[in-house]
Every structure is written in C-alpha cells, then in structure tokens.
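K.L.:
Predicted model, plus sequence, below.
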Amino acid sequence: MLIFPVLAALTASLGWASAIVMATGPARRLGAFEFARVQLIACAALMALLCSLLGLWAGVTWSYWPHFVASVVIGIIPANLAMVACLRRGGPRRTELLLTAKPVIVAAMAFIWLGEVPTGTDLLGALIVMAGIILAILYGSAEGAESDRMDGPLWPVIGLGLLAASAIGFGFLVMKPAMLAGTDPLAVTAIRLMLAAFVMSVIGLWPSPVTRPAPDMTPALLGRTILPGVIGYILSSSLLLYAFAVLDAGVASALGSLSPVLILPILWWVDGKRPRLMGWIGALLAVLGTGVIVAL
C-alpha cells in the first residue's frame, strides 16, 4: 500500500521541522561550533553502528574518496556551522525557510558543473520558492513569539541560511557519482558524518574561545543537543529513503519538503503565538515551488 511510504515522507518532514525547533535552545546556549561538534560525533557513532548492523560497508565504492572529502569539507562542516549560526540569530522558522532554497541552488550548480539545463518548469518553481521565502521572512514574523526573535540584523541571517543551503546542496551533489556507482545512501551518510566528526574534533583541539567546550554542559543539555540530530540525520533521512524506494522520486521529494509549513503549527504550539497570514502564504509558496521543481 502506498499509504505507508507517503506517511514516511510526511513524517520525515515533520521530524525535520520538530528537530530544528528543539535545536534552537541548545544551539543558542552552546554556540555554533560546540553544538555542531556534539551532534556530529553522536550521530556519526549511531550511523556507523547502523551501517555495521545492516552490512552496508561492503558496497562502498572507496575510489570516490575525494568526493567524500569534498562533501565533508564543503558540504557538512560549513553547512552545519552556518545553519546553527542562522538558527541562533534568526530562529527556526527563518532557518527552515531559507533551507528551502536548496533545490534552486542545486539546480544552478548542476547547470554550471554538470551541464544540466533547467526547464521552464524548473525556472518557474525557482521563482515561486524565492518569492515565498522573501514574503515569509519579511512579513511573516509572529509578533511577540520567543522563537521568532532576531538577534541582530536580518541580512546576516539570510546570508548564513543561503550559505547553509548552498553547502548542503553541494555536499549531496558531489556524492551523486558514488551513489550511482552503487554505494548505499545510508553508508554515504555514515562516512560523511564520521569524517566530519573527526575534522571537527581535530579543529576543537585548537585553543580558541570559539572551539572551547561548553563549561556548563549537563546530561540534560547533552540529550537536548543530540536528540534533534538523531531525529534529523537518522530517523527522518531513513524514512525519506524508504519513501524514495517505493514512490516516484518527485512525489517523495515534494512530500519530504513540507518542513517550512509543518514548522508553523509546531511554533504556534510552543510559543502560543499564531503565525501571521503572510508566514503561512510564504511557506506554502516555498513548498509549492519545491514541488514544481522536483515533481514536474
């Protein structure tokens, strides 16, 4: 029955929306570097265990190791740091919205590097996505909502969000040849996370206030830091992979891209503040544009 893969893709979107809301408090408390380091180390260990239990290492095409390195150095570490910094400055709603620009950016990268010419439908979808993002960010803030407060001016938030989306898009795009060669996507995720955790751990040895471990880390804060990563990196990603295996790829992608809309009722429940109408309209436009790009 198709109901199960559809529910899996929708649950993946709900998982990402929930995870980014849960991550806001710990990210603001720990800082971008420490938050990303703790998440990457924990999720890398769990993904390595999962791939070992499933016996996925044998299918890895190791000749693509430069792609793995590039994916980590550009696609994970800068992406995570930029995303967490965006989350700390602009809150979960703006961060999730800005990340919906990823299909547009990936399409531009594919055009430049792979010669994949976008269709008129792709361009229309890109315009709808960007219009939705601009509308929701400029006019969609819920008045008085703690999760929607801004720390500083808006433009750095936009820059950080687009940087995160670009880096994430590059990280997936550069791994396409390895996956076409037969490497399981879960194994790809595990290798990328392990390499990123190693690099972040080495960088963390540098004596700097930026890389210094949090002095007030508690077991509760550690759990609140790791849980969003487990939901996003492992549970939601696995559910979406299942949906991709059964459904049409465009349909699965569209259903898995509903986070900007699903995050609004979550924030409404958390803050007790109803999001503005423009926030709903902008989020719906961003999701609609993504659907136009991936499904048509």
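P.N.:
That came through fine. Numbers count the residues shown, from 1 in each chain.

K.L.:
and Val106, what is it in contact with?
P.N.:
169, 172-173 (C-beta atoms under 8 Å, 6 or more residues apart in numbering). All C-beta spots, glycine's among them, are computed from the backbone N, C-alpha and C.

K.L.:
So which of those are in helices?
P.N.:
Secondary structure from DSSP state H places 169, 172-173 of the contacts of Val106 in helices.

K.L.:
about what we covered before: compare the contacts of Val106 and tell me which is most surrounded.
P.N.:
Among these, the one with the most neighbours (other C-beta atoms under 10 Å) is Gly169, at 23 neighbours.

K.L.:
Next, format the contacts of Val106 as JSON lines and append pLDDT.
P.N.:
Below are the contacts of Val106 laid out as JSON lines (pLDDT from 0 to 100):
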{"residue": "Gly169", "pLDDT": "77"}
{"residue": "Phe172", "pLDDT": "72"}
{"residue": "Leu173", "pLDDT": "74"}
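
K.L.:
Same list (these) but as JSON lines, adding distance to Ala79.
P.N.:
Formatted as JSON lines, the contacts of Val106 follow (distance: C-beta to C-beta, whole Å):
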{"residue": "Gly169", "distance to Ala79": "9"}
{"residue": "Phe172", "distance to Ala79": "10"}
{"residue": "Leu173", "distance to Ala79": "12"}
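
K.L.:
between those residues, which is nearest Arg37?
P.N.:
Nearest to Arg37, judged by C-beta to C-beta, of the contacts of Val106 is Phe172 at 21.7 Å.

K.L.:
Would you mind finding the longest helix in this structure?
P.N.:
Counting by DSSP H, the longest helix found in the chain is helix 3-30.

K.L.:
Which other helices and strands does that helix contact?
P.N.:
With contacts taken as 3 or more C-beta pairs under 8 Å, 6 or more residues apart in numbering; DSSP states H and E, helix 3-30 sits against helix 32-54, helix 77-99, helix 219-229, helix 237-246, helix 249-255, helix 259-271.

K.L.:
what residue ranges in the stretch 101-250 of the chain score low on pLDDT?
P.N.:
114, 116, 142-145, 147, 209-211, 213-215, 241, 244-245, 247-250 (pLDDT under 70).

K.L.:
try 90 this time
P.N.:
101-158, 161-162, 164-193, 196, 199-222, 229, 232-250 (pLDDT under 90).

K.L.:
Surely Ile128 is in contact with Leu288?
P.N.:
Yes: between Ile128 and Leu288 there is a contact under C-beta atoms under 8 Å: 5.7 Å.

K.L.:
These two: who's more crowded?
P.N.:
More crowded of Ile128 and Leu288, by other C-beta under 10 Å: Ile128, with 21 against 17.

K.L.:
May I ask which helix or strand encompasses that one?
P.N.:
Per DSSP states H and E: Ile128 is located in helix 120-139.

K.L.:
one step back: ok, of the ones in helices among the contacts of Val106, which one's closest to Cys51?
P.N.:
Phe172 (17.9 Å).

K.L.:
separation between the closest one and Leu99?
P.N.:
13 Å (C-beta to C-beta, to the nearest Å).

K.L.:
Equivalent analysis for Gly132, please.
P.N.:
Gly132 sits 13 Å away from Leu99 when distances are taken as C-beta to C-beta.

K.L.:
For Gly272, grab the count of nearby residues.
P.N.:
The tally of other residues near Gly272 (other C-beta under 10 Å) stands at 11.

K.L.:
let's number from 876 now, not from 1
P.N.:
OK, 876 is where the count begins now, so the last one is Gly1147.

K.L.:
Give me the pLDDT value at it.
P.N.:
pLDDT recorded at Gly1147 is 79.

K.L.:
ok, so what distance separates it from Trp1081?
P.N.:
From Gly1147 to Trp1081 the distance is 42 Å (C-beta to C-beta).

K.L.:
I'd like the distance from Thr1165 to Gly1131, if you could.
P.N.:
In this view, Thr1165 and Gly1131 are 9 Å apart by C-beta to C-beta.

K.L.:
ok, back up a step: where's the longest helix of the chain relative to the chain centroid, distance-wise?
P.N.:
Distance of helix 878-905 from its chain centroid, counting by C-alpha atoms, centre = their mean, to the nearest Å, is 10 Å.
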